[in-house]
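K.L.:
sequence-free structure coming up:
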């Protein structure tokens, strides 16, 4: 049996404009908008991981998964959030998701925002200009093929 495995995929969602919003809520909306978090999902550790990496980016400081876990733990305590999801295996799994989304890279066994770029710059160069056009072009190939299929 042939299994349909996508070569690439992306989920994009549109939310209201970010008016007077706290930083964590902005990162949460970014995760929701990029499909890294599902609407209504209470397991939002990926938000804090991305927030920690964004803060480390400003100091150009790559972090190990253990450092990320410790900083996420402190951040969640500071915001009175549940400490679920802090297992090392889950932190690494969430980092892999961020790497697969091209937002984060692993360099010398440490993690950082891709080339210490801003999330805006990463989105523009890697997702908007690279990934999305390729996906749209492939969809068009299938649409054209449908027109000529017998």
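P.N.:
Structure received. No experiment lies behind these values; they were computed from the predicted model shown.
K.L.:
Contacts only, for the closest residue to residue 45 other than its chain neighbours.
P.N.:
Once flanking residues are discounted, residue 45 sits nearest to residue 85: 3.6 Å by CB to CB, 6 or more residues apart in numbering. Just so you know, the C-beta spots here come from the backbone N, C-alpha and C atoms, and that holds for glycine as well. Residues counted as contacts of residue 85 (CB atoms under 8 Å, 6 or more residues apart in numbering) are 43, 45, 91, 94.
K.L.:
quick one: residue 85 from residue 95, how far?
P.N.:
In this view, residue 85 and residue 95 are 12 Å apart by CB to CB, to the nearest Å.
K.L.:
and if you look at residue 30?
P.N.:
16 Å.
K.L.:
what does residue 120 give?
P.N.:
Residue 120 is 20 Å from residue 95, by CB to CB.
K.L.:
higher neighbour count, these two?
P.N.:
Each of residue 120 and residue 95 has its neighbours counted (other CB atoms under 10 Å); residue 95 has more, 20 against 9.
K.L.:
show me where pLDDT drops low in the protein?
P.N.:
1-2 (pLDDT under 70).
K.L.:
Okay, and the most centrally placed residue in it sits in which element?
P.N.:
In the chain, the residue lying closest to the centroid (CA atoms, centre = their mean) is residue 98, at 4.2 Å. Assigned by DSSP states H and E, residue 98 belongs to helix 88-100.
K.L.:
ok, residue 30 touching residue 118?
P.N.:
No - look at residue 30 against residue 118 with CB atoms under 8 Å: they stay out of range, at 11.5 Å.
K.L.:
Please identify which of those two sits among more neighbours.
P.N.:
With neighbours defined as other CB under 10 Å, residue 30 and residue 118 compare such that residue 30 has more, 21 against 13.
K.L.:
mind checking the SS state of the more buried one?
P.N.:
With DSSP: H, G, I helix; E, B strand; the rest coil as the basis, residue 30 sits in helix.
K.L.:
wait, what's in contact with it?
P.N.:
36, 50, 119.
K.L.:
number of nearby residues for residue 57?
P.N.:
20.
K.L.:
before we move on, what SS does it have?
P.N.:
The three-state label given to residue 57 by three-state DSSP is helix.
K.L.:
next one: the one 4 residues further on
P.N.:
Classification of residue 61 using three-state DSSP returns coil.
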